[in-house]
Every structure is written in C-alpha cells, then in structure tokens.
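Novice: missing the sequence, but the structure's below:
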C-alpha cells in the first residue's frame, strides 16, 4: 500500500513538474498562459460592450450639438470629449488594430491594474483621437494576453488603426524610443495629432518603457449605423490642436 502511494505521489509530482516547466517555457517564449486565458475571456466580454456603444449612437443632447456644428473636425472633437465622459473607468472605449503584428484588441478607458488585465488601456491624461493632441495607449508584453508583446518589431511606416464609435483613425509609425518610466514627456501634446504606444521594456522587466510614436495620416467616418449620418457633413480631419 505504501509503495503504491509513493508511486502515485511520484507520478503526480512528475506531472506537476512538467506542467511548471511548460508554463515557464510558454512565458519565456510568448506570455504567461493562465493570465492569457483570463484576458481572452475579458476581451470577449468588452468586445460586446463596445459593440453596444457603437449601436447606441449619440444621445439626444449629443445629436442636437452635432446638428449645430457644421465642420467635421468640430464634430470629432465634441464626440471625443463626450464619449470620454460617457465611458466609465476600465470600460471599453476603442479598438486598436496593427496588421503587421496580427493585433486586434479592444481598448479600455484607463490603465490601472484591473483595466490592463482586460486589454490595452487609454492613458488617463491623454485624449481620444479627434482632439488634435496625443492619444496614448499602454499594454502588457508578457501577461494578460500580452497585446504589446511584439511592438518592438514595428518600423517606420507601419500602419496602426484606432477605431472609435465616431470613425477610424489611421496612423503610420514614425519612430521608437526606449525611455525611463518617469519620462512623462512622451505623453505631451506636440502640435499635431499623434498616437503613442507604451509598454514595459525589456521583456520580463519594468525598468524601462518602449515607446512607439505614430503620426495621424487619415480618418474614415463610419459608413453605417447611428453615428454615420451625423458625421456626413463635408470637412476633413485636420492635424492641428483643438484647444
């Protein structure tokens, strides 16, 4: 009986050891698998919430304000502010797509611990696209789905899309920098619309930040849905600050 118990215990410990080695291997090669599963289910949930925001369209007050504004840039700036107020902390607010990396993730409003477990987060002190300033999105590189695992592979000219309920904003990568975690200057306005992506660097360390700077190159309004008609007025997206 004792021999059988010891043999069973040994087998169990061997299996556990293999599992731990596999877990460590996956983490080194790509991402921590347990948190990745959690992030996968969270993304499914917030994707539905983002679609609900798209389907809901502007509120009555927003629709009246948009009817008065004639220039599309003014409408986009108004909607950027309005949606930021409407969406709660850690709730879905946009989507980021990077074709080169095969990345397509819903972005939450905020970058606290709980929010970044769901997906990339819009940094609190920065703007949604359309305000002529800096839009900054942070994300994990090795845990919780590791959405920004490979942003170090981005090069000048690579395309990034940020899709909001009021349209898609197209960016081209300009350059990448490695900075200190305290270098908050990377979030400042620069006199034009830009996207800043931020993640810990190097992999498995938080001693630095890798920052990918991208410039706005285009805007596509929604083609269908409740937001489309209200954004159908002429006028292009400018790259100047809106104040």
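Specialist: Nice, thanks for sending it over. Model, not experiment: these values are computed from the prediction.

Novice: Number of residues surrounding residue 208?
Specialist: 15 (other C-beta atoms under 10 Å). Every residue, glycine included, has its C-beta placed from N, CA and C.

Novice: I'd assumed residue 178 was in contact with it.
Specialist: Yes. Contact status for residue 208 versus residue 178: in contact at 5.4 Å, counting by C-beta atoms under 8 Å.

Novice: what sits in contact with each of the two?
Specialist: residue 201 (C-beta atoms under 8 Å, 6 or more residues apart in numbering).

Novice: can you pull the contacts of residue 138?
Specialist: 111, 116, 120-121, 123, 148, 197-199.

Novice: just so I have it, where are all the helices in the protein?
Specialist: For the chain, applying DSSP state H gives helices covering 2-29, 33-56, 60-68, 72-86, 113-116.

Novice: pLDDT of the longest one, averaged?
Specialist: The predicted model assigns helix 2-29 a mean pLDDT of 41.

Novice: Repeat that for the second one.
Specialist: When pLDDT is averaged along helix 33-56, the result is 88.

Novice: List the buried residues for it?
Specialist: Of the residues in helix 33-56, 35-36, 38-39, 42-43, 46-47, 50, 53-54 count as buried by neighbour count, 16 or more other C-beta atoms under 10 Å.

Novice: Below-threshold pLDDT in this protein: ranges please.
Specialist: Scanning the chain for pLDDT under 70 picks out the ranges 1-31, 232-243.

Novice: How about residue 99: what's its closest non-neighbour residue?
Specialist: Once flanking residues are discounted, residue 99 sits nearest to residue 159: 6.2 Å by C-beta to C-beta, 6 or more residues apart in numbering.

Novice: How about residue 45?
Specialist: Residue 45 sits nearest to residue 118 (C-beta to C-beta, 6+ apart), 8.0 Å away.

Novice: Run a quick neighbour tally on the closest residue to residue 216 other than its chain neighbours.
Specialist: Excluding its sequence neighbours, the residue lying closest to residue 216 (C-beta to C-beta, 6+ apart) is residue 193, at 4.0 Å. Applying other C-beta under 10 Å, we find 27 residues neighbouring residue 193.

Novice: circling back: pretty sure the residue nearest to residue 45 is touching residue 109, no?
Specialist: No. Using C-beta under 8 Å, residue 118 is not in contact with residue 109; the gap is 10.5 Å.

Novice: anything in contact with each of these two?
Specialist: With C-beta under 8 Å, 6+ apart, residue 118 and residue 109 have common neighbours residue 90.

Novice: Between the two, which has more neighbouring residues?
Specialist: More crowded of residue 118 and residue 109, by other C-beta under 10 Å: residue 118, with 24 against 21.

Novice: what sits against the more buried one?
Specialist: Neighbours of residue 118 in contact, by C-beta under 8 Å, 6+ apart: 39, 42-43, 45-46, 90, 106, 108, 144.

Novice: tally of neighbours for residue 217?
Specialist: 14.
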